[in-house]
Every structure is written in C-alpha cells, then in structure tokens.
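1. Quick one: sequence plus predicted model below, questions after.
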Amino acid sequence: MQPTAPPAIASSLLDNLKQQALAKQQSENQKSSQRDEVLQRIHSALGMAYQYLDDLVQQLNILKPPYAKVYSFFGAADFDGMAWQEGRADFRMQETSSDNRLYDQVTLRYRLASQKQFRVTRENPALEKLRKALFDYNIAFTVDEGRNERGHIERATFTFPCEIKAGLMLAGNYETGKLLLRTRHIERFGIMEYQLQPEAINQDSLDQIAQLILGESNRVSQLFERTV
C-alpha cells in the first residue's frame, strides 16, 4: 500500500514569508550582479591604464626628453632645465569572491632632474618653514646651521638638487563605481585629485594624461572632475 501524500497546508503566513524570502533573494542577486559589473568596469579601465603607462615609461626611459616647465619652490628656487631620468609603472590586484584577480590600483612614479644644485640661506624662523617644505615635498637636502654663542640656530644654508620626484595613482572606488586619479608634483608642487567614470579611460584621455606628465598642453582638467 502506497503511503498517501500529506495534505497541503494553506497558510497565508507561510505564503507571505515565502514571498519576502524570494524578494530578498532576488534583490541580493541583483546587487551581486551589479557589483560584479562595477568590478569589471574598474578592472578594464585600470588594466588599460596600466598597459598604456607601462609602455609610455619604457619609451621615456630610453628617450629621456627635456621637461620645459618650471617648478617654483616657495620663492626659494626655480626648478628648471630638467629632463626625464627614470620612471616605473606598477599595479595592485585584489582577489574577488569568485577567485578572480582584478586590477585595484595603478601607479606611476618618475624623476625629473638637472645637474644644478641650489644653496638657499634663511634666518630663523623662516629657515624652519623651508626645512619643513623640503621634508614635505620629498626633496633630499643637507643643511649647514649657524648658531649663536648660546647654541641657538640663527640661520641655516640648505643645499639641495634640482630634482623632482613625481607620480600618479589611479584607484577604483567600489562603493561609488568611480575612479580616483591623484597626482603628486606633476606640473607643479602639490597634490591634485580627480574623480572619473571608468569609461572615461580611453585612448584620448590616456594621451592627455601623458601630455600632463610631459609638461605639455593637455585637457585633463576638462575631461575629469577635480576634487582637490
């Protein structure tokens, strides 16, 4: 004798819970799909940027072109007559839940320099401002301090090379789905930040970034939204 199937239970409470569970599962699946799409867009943009910058640096490391622009250093010195010395592009990847490795960040670091040296003398307290600026802007220096009979520093002569250590970082923000472009000591001393959509990384915008690096006329400020 075959066992009879248990009677179906008609419960409005269970039906309501089933509908809520199904809606939640569909929402979570949609969010997961959207996040995967964001990850892929960022990955593609950063991968394209890395390939371009790595190729660019390899050519510049051979050509070592002159750099026409002048960096003014707080009225103490004008960094000019420089040329490309060396550079390196790098990247960082992250593991995803599906065991894929996706681009997370792309960096470029490079150095501009000329043969000349600066010697700048400042008296106290202006000398401390110059010392701090040299530290903050990563400029190697030596200092010859002049002290009074009580041992207090009255003046100091700073010697430092005409050399700029510059670079940029392009990173993905997975919460906003956008990219952050941060430049350091490119065209001038200091940091600039831009926000952009992954789709904004293309052949034209990468050429504009290259022209920015080379000190040439460019449209980076028109292409990307500056935040800092």
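-> Okay, I see it. Numbering: from 1, shown residues only.
2. got the phi/psi numbers for the nearest residue to residue 47 once chain neighbours are set aside?
-> Residue nearest to residue 47 in three dimensions, not counting chain neighbours: residue 103, with 5.0 Å by Cβ to Cβ, 6 or more residues apart in numbering. C-betas here are computed from N, CA, C, even on glycine. Comment: the main-chain dihedrals of residue 103 come out as phi -60, psi 130, following degrees, to the nearest 10.
3. now do residue 227
-> Geometry field for residue 227 lists phi and psi as phi -110, psi -20, criterion degrees, to the nearest 10.
4. mind listing what the residue nearest the centre of the chain touches?
-> Residue closest to the mean C-alpha point of the chain, counted by Cα atoms, centre = their mean, is residue 169 at 1.8 Å. With Cβ atoms under 8 Å, 6 or more residues apart in numbering as the criterion, the residues that contact residue 169 are 105, 106, 107, 108, 180, 181, 182.
5. now that we have those, which one has the most neighbours?
-> Within the contacts of residue 169, residue 106 tops the neighbour count with 27 neighbours, counted by other Cβ atoms under 10 Å.
6. Please, where are all the helices along this structure?
-> With DSSP state H as the definition, the chain shows helices at residue ranges 12-63, 126-136, 203-213, 220-223.
7. how about those helices in JSON lines, adding mean pLDDT?
-> As requested, the helices of the chain are arranged in JSON lines below (pLDDT from 0 to 100):
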{"stretch": "helix 12-63", "mean pLDDT": "85"}
{"stretch": "helix 126-136", "mean pLDDT": "95"}
{"stretch": "helix 203-213", "mean pLDDT": "98"}
{"stretch": "helix 220-223", "mean pLDDT": "95"}
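8. among these, which is the most enclosed?
-> Comparing the helices of the chain by mean neighbour count (mean count of other Cβ atoms under 10 Å), helix 203-213 ranks first with a mean of 18.
9. Packing partners of it?
-> For helix 203-213, the packing partners by 3 or more Cβ pairs under 8 Å, 6 or more residues apart in numbering; DSSP states H and E come out as helix 12-63, strand 153-173, helix 220-223.
10. thinking again about what came up before, can I assume the residue nearest to residue 47 is in contact with residue 90?
-> No - contact between residue 103 and residue 90 fails when scored by Cβ atoms under 8 Å: they sit 11.3 Å apart.
11. Mind checking which of those two has more residues around it?
-> The residue with the greater number of neighbours, taking residue 103 and residue 90 and applying other Cβ under 10 Å, is residue 103; the counts read 22 against 15.
12. now that one, which residues is it bridged with?
-> Here residue 103 shows beta-bridge partners residue 93, assigned using DSSP bridges.
13. Contacts only, for it.
-> 42, 43, 46, 47, 50, 91, 92, 93, 172.
14. same thing but 7 Å
-> 43, 46, 47, 50, 91, 93 (Cβ atoms under 7 Å, 6 or more residues apart in numbering).
15. that older thread, in strands, which of the contacts of residue 169 fall?
-> Within the contacts of residue 169, residues falling in strands by DSSP state E are 105, 106, 107, 108, 180, 181, 182.
16. ok so, going back, please tell me the pLDDT value assigned to the residue nearest to residue 47.
-> At residue 103, the model reports a pLDDT of 93.
17. Fine, thanks again, bye for now.
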